[in-house]
Structures are given as structure tokens and as C-alpha cells.
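Student: Sequence unavailable; structure follows:
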């Protein structure tokens, strides 16, 4: 099944990280190299956020569980399938 | 007069009474109700101010009731009279029971509402917060209903990047509540693999009877126990179910659920654009601040002789300043452009781009930027960052 890799950051977290960098940076009291570091951190997080936004369209998946194992298969809305057959 | 046996008399009575009445509908109040016997049958009284009659409710009849019986409940019983000759008793055997005033389903709803509210299942304090930017959304509903089509259409229109996982469940009829509850439980149990941010649980419109599964206890408990935030979307705006009350958020319809849960892609792009601009401004602000301080320092030290250190510092600031200016120009020029190009462009915004013009940054082993000769002792290792690659060197 297609899993979301554990190392893939969530957009939500990345935006929060940038926000944190911004709050320190916008305080204006950081020493220069600290400010530079915050800027670089922010840019790195932003780049990952942009990567998420550049991803291809996601397909709708139908989940089925058998013996505790869950699997996914593409789901078509128009499908006239009997729900019982899906199991 | 010829004497007859007790049995004969009782049998005559039985035939005559049972024959005379057939089906009767009787209103009264339940009395002496103590819940089902261990056999599952109920033996209590039906009474009013003037009389009472024994009432029997067989287990099969009892199980079909959606509401709970209790002492004092005003009901209309439809049933048959029964004479139990062995004990000389007559009773009413219920075939159907309706509460008076409210319909059976309304009463059942009210009873479930009161019970779960007393347990705190609807408390605002325990509601989970919805993620602002969910990337994986699970939907528990019928795979063939109107709800799933509405949710998918709306979600995709708002944000093509959101991933939707459908867990099919029967949403009406026998066993529907259990299937919906099971789906919610399994999604939680499997969430280490699935990484779902939020789930929508619901179905399209229908009669109160059709929506009933969402008023049943298993669904309410499953939503309550869920670690994944749950948005309910049952029927139309006017329908409020127990599931809606337990859910972290109640959406009036499945379409509205998708609108609430799925953030618009354009909004997400705007958020990162805004952050990018603020990053540039923030750095510029810091550079300006230090330039100002340095200017002050310079004028104070002007009379005191060598200004080498100050000049070096200012030179560094000039690089940063110039670069930030460029960055800002880039940012403003780029702001309206499509996301596709943004990732690469960020490179150009970095002060590190200044390296492209031949400058370099030297750091010591612990990564501190070398700004003064005094920071370096002979023999110390230095790393100089160039536009391409790094130089490692040793101070002499």
C-alpha cells in the first residue's frame, strides 16, 4: 500500500517552523549570524513546503482490510459496484 | 347445578375473554417496571388512576424498541389479552409499544441524548482541534451513496493535493451503526500506517429512520474514543444526530464537510508566499538595525584611532545589505508567479547568493562565522564557503 513516508514533513509543521523562524527574525534583536541562520532555516522549510505544493494530483483510494492487513485501491465515484464485493 | 372443575371454568374463561377482545390498543402508564427478567421478557403493569393490568412484553418485542422503557412512562400498547389458567391471572401481551406524545424515535433520541450528555460525551472541552492543512483525509460512508461523490468533487475542486481514503460502511439498516463504529475504530488502530489527519463520517439525506445509525450508541462511542479528529456530515442541515453532537465538528452536509476540512490550495500558496516575503523583510530589518548600531559605534570610535575592525564589520554588513536588497527585488518580482518555479527561486533569495559574486564566508570548526582575526588561533581549522564547494584551511 502507499504509505506516507515517515520522513515526509507535514505542510502544517513546515509552516509552523517558518513562523517560528519569522518570530525570532522579526524581533530584530538577533545577532547577525543568528539572523542569517534563522533565515536559512526558514528558507529550507519553505522550500519543503513548496515541494509539497508542487506534487501531482492525488487519487482517491478505497481502503479494504482483510485479516488486519489494510490495502488501498483506486476508487471510482461512478462505479456501480456492490459494496459487499468490495470486501 | 352440576359442578365443573376449576380447569373447565378457567378454560371457559380463557376462551371467552381471549375471544371477546382480539387485538386491543390500550393507553396507560408503566408501573412496577424493573427491567427485563433474566429470560429477557418483561413483566410489569399498565395502569391509570383507576385500574391496572399485568403487562407482558416478550423479549423479541422488547429488542425491536429503539427507546428505553421505564417506570411511569406513558405508552400506548397494542396487544392481546391472555389468560394464564394455572395461576388464574389475565394479562395484556404487548405486540407493539409507542410512547405517548413523542414518536418512538424522538423519545429514543431524547433518552440517548440525556444519557450521553450526563456522561460528558458532548462537552466542548474534549473536542479535538482540526488540522489546518490536512494532507490525508479518511471518509467513512457508503461507497455508492451521494455523500462520497459530493465530498470527492468538493475536495478535489478545492485542493487537488489532498489525498482521500474511503472506508466503505453500510450507513442504514440492520448492522449499519456497528459497521460505521468499526470503521472509525479500525482507522484509529491502523493510523500508524495510514497517517490520516482527519476523518469525515456521514451520509446523504434521508428520513429519521434512514439516518438512525448515527443516533446509535456504538457510533457515538467510536467517535468519542477516536484519536483522529472527526467531522460529522449526516443528512441535511436540519438533521442533527447524536453523532453530530459527539463529533469534533458538525458539518451541515457532506459537501460542507469537504469545504470545512479541505483547505483551498490557493490559500496554502498564499501562506507560503507571505512567509517568504516576511523572511526577506525580517532579515533586512536585522541588517538595518546592526548597520545603524555600527554607524553609531563608528562615530564614537572615530577619534580613537584604527577603525579596521569596524570597517571589516561594515563591509560584511554591506554585502548582506546589498544582497538583501537584491533578494527583496526578486521577491517582489516573483510574488505573482506560479508555484512551480518558486522552489528553485528560493535559492536566489538566499544571502548565500552573494557567494556567486566572489565573496566567501569563513567559519571555524564549530560553525561560527569568522569576523575578526582575533577569533582565529594558529593551527585552527577553518572552512570557507565559496559559491561552489568549500575550502578547508589551517590558520598560520
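Tutor: Looks like it arrived, so ask away. For clarity, every value in this text was computed on a predicted model and none was experimentally measured. Numbers count the residues shown, from 1 in each chain, chains lettered A, B, ... in the order given.
Student: Without its sequence neighbours, what residue ends up closest to whichever residue of chain A sits closest to chain B?
Tutor: For chain A and chain B, the shortest gap (Cβ to the nearest Cβ) falls at residue A:25, measuring 3.4 Å. All C-beta spots, glycine's among them, are computed from the backbone N, C-alpha and C. Here the nearest residue to residue A:25 in space, its sequence neighbours aside, is residue B:282; by Cβ to Cβ, 6 or more residues apart in numbering or on different chains that works out to 3.4 Å.
Student: and the one you found, what helix or strand is that in?
Tutor: Here residue B:282 sits within helix B:265-301, counting by DSSP states H and E.
Student: Next, the buried residues of that helix.
Tutor: For helix B:265-301, a neighbour-count test (16 or more other Cβ atoms under 10 Å in any protein chain shown) marks B:265, B:268-269, B:271-273, B:275-276, B:278-287, B:290-291, B:294 as buried.
Student: follow-up on the earlier one: can you read off the pLDDT for the residue of chain A closest to chain B?
Tutor: At residue A:25 the predicted local distance difference test score is 86.
Student: can you check residue A:78 too?
Tutor: The per-residue confidence score, pLDDT, reads 56 for residue A:78.
Student: what's next to stretch A:20-33, contact-wise?
Tutor: When contacts are taken as Cβ atoms under 8 Å, 6 or more residues apart in numbering or on different chains, the neighbours of stretch A:20-33 outside the stretch itself are A:34-35, A:38-39, A:41-42, A:45, B:275, B:278-279, B:281-283, B:285-287, B:289-290, B:316-317, B:320, B:368-369.
Student: what residue ranges in the stretch 251-396 of chain B are flagged as low confidence?
Tutor: Counting by pLDDT under 70, the stretch 251-396 of chain B contains low-confidence residues at B:301-310, B:324-325, B:327-359.
Student: what ranges do the helices span in it?
Tutor: Taking DSSP state H, counting those that start in this stretch as the criterion, the stretch 251-396 of chain B contains helices spanning B:254-261, B:265-301, B:308-334, B:342-349.
Student: Output the ones you listed as CSV; include the columns distance to residue B:81.
Tutor: Converted to CSV, the helices of the stretch 251-396 of chain B look like this (distance: least, Cβ to Cβ, whole Å):
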stretch, distance to residue B:81
helix B:254-261, 50
helix B:265-301, 69
helix B:308-334, 88
helix B:342-349, 82
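Student: Check the burial of residue 66 by counting its neighbours.
Tutor: Answering for chain A, as no chain was given. The burial count assigned to residue A:66 is 8, neighbours taken as other Cβ atoms under 10 Å in any protein chain shown.
Student: Sorry, I should have been clearer: chain B.
Tutor: 17.
Student: measure the closest residue to it other than its chain neighbours to chain A for me?
Tutor: Residue nearest to residue B:66 in three dimensions, not counting chain neighbours: residue B:108, with 3.7 Å by Cβ to Cβ, 6+ apart. Look at residue B:108 and chain A: by Cβ to the nearest Cβ, to the nearest Å, they are 27 Å apart.
Student: Likewise for residue B:61?
Tutor: According to Cβ to the nearest Cβ, residue B:61 and chain A sit 30 Å apart.
Student: Report the secondary structure element holding that residue.
Tutor: Assigning secondary structure by DSSP H and E places residue B:61 in helix B:59-63.
Student: State the mean pLDDT of that helix.
Tutor: Per-residue confidence for helix B:59-63 averages out to 93 on the pLDDT scale.
Student: Now do the helices in chain A.
Tutor: A:11-27, A:32-53 (DSSP state H).
Student: where does chain A dip in pLDDT?
Tutor: Across chain A (using pLDDT under 70), the flagged ranges come out as A:1-7, A:28, A:78-87.
Student: which residues touch the residue in the stretch 201-350 of chain B that chain A sits nearest to?
Tutor: Here the residue of the stretch 201-350 of chain B nearest chain A is residue B:282; by Cβ to the nearest Cβ that distance is 3.4 Å. Residues in contact with residue B:282, defined by Cβ under 8 Å, 6+ apart, are A:22, A:25-26, A:28, A:35, A:38-39.
Student: out of the residues you listed, which are buried?
Tutor: The neighbour-count test (16+ other Cβ under 10 Å) applied to the contacts of residue B:282 identifies A:22, A:25-26, A:35, A:38-39 as buried.
Student: Leaving out sequence neighbours, find the closest residue to the residue nearest the centre of chain A.
Tutor: For chain A, residue A:10 is the residue whose C-alpha lies nearest the centre (Cα atoms, centre = their mean; 3.4 Å). By the measure of Cβ to Cβ, 6+ apart, the closest residue to residue A:10 outside its immediate chain neighbours is residue B:135, 6.4 Å from it.
Student: mind listing what residue 10 touches?
Tutor: Unless you meant another one, I'm taking chain A. Applying Cβ under 8 Å, 6+ apart, we find residue A:10 in contact with B:133, B:135, B:197.
Student: ah, no, chain B please
Tutor: B:83, B:85, B:88.
Student: and which of the buried ones among the contacts of residue B:282 is nearest residue B:118?
Tutor: Checking the buried ones among the contacts of residue B:282 against residue B:118 with Cβ to Cβ, the nearest one is residue A:22 at 46.3 Å.
Student: need the contact list for residue 9.
Tutor: Going with chain A. A:45, A:48, A:52.
Student: think we crossed wires, I meant chain B
Tutor: The contact partners of residue B:9, by Cβ under 8 Å, 6+ apart, come to none.
Student: helix, strand or coil for it?
Tutor: helix (DSSP: H, G, I helix; E, B strand; the rest coil).
Student: Chain A versus that one, what's the distance?
Tutor: When distances are taken as Cβ to the nearest Cβ, residue B:9 and chain A turn out to be 58 Å apart.
Student: Residue B:101 now?
Tutor: On the measure of Cβ to the nearest Cβ, residue B:101 and chain A end up 38 Å apart.
Student: Name the nearest residue to that residue, sequence neighbours excluded.
Tutor: In space, residue B:101 comes closest to residue B:74 once its chain neighbours are excluded; the distance is 7.0 Å by Cβ to Cβ, 6+ apart.
Student: you'd agree the one you found is up against residue B:99?
Tutor: Yes: assessed by Cβ atoms under 8 Å, residue B:74 is found in contact with residue B:99 at 6.8 Å.
Student: who's more crowded, these two?
Tutor: Under the neighbour definition other Cβ under 10 Å, residue B:74 and residue B:99 were set side by side, and residue B:99 has more, 20 against 13.
Student: Okay, and residue B:83 sits in which element?
Tutor: For residue B:83, the enclosing helix or strand under DSSP H and E is strand B:74-84.
Student: same question, residue B:95
Tutor: Per DSSP H and E: residue B:95 is located in strand B:89-99.
Student: Tell me which other helices or strands that strand touches.
Tutor: Here strand B:89-99 is seen to pack against strand B:23-31, strand B:52-57, helix B:59-63, strand B:74-84, helix B:104-118 when contacts are counted using 3 or more Cβ pairs under 8 Å, 6 or more residues apart in numbering or on different chains; DSSP states H and E.
Student: Could you pull out the strands in the stretch 101-250 of chain B for me?
Tutor: Along the stretch 101-250 of chain B, the segments classed as strands by DSSP state E, counting those that start in this stretch run B:136-141, B:163-168, B:198-203, B:230-234, B:249-251.
Student: roughly how far is the fourth one from the heart of the chain?
Tutor: What that stands for is strand B:230-234. Its chain's C-alpha centre lies 8 Å from the corresponding centre of strand B:230-234 when counted by Cα atoms, centre = their mean, to the nearest Å.
Student: I appreciate the help and will end here.
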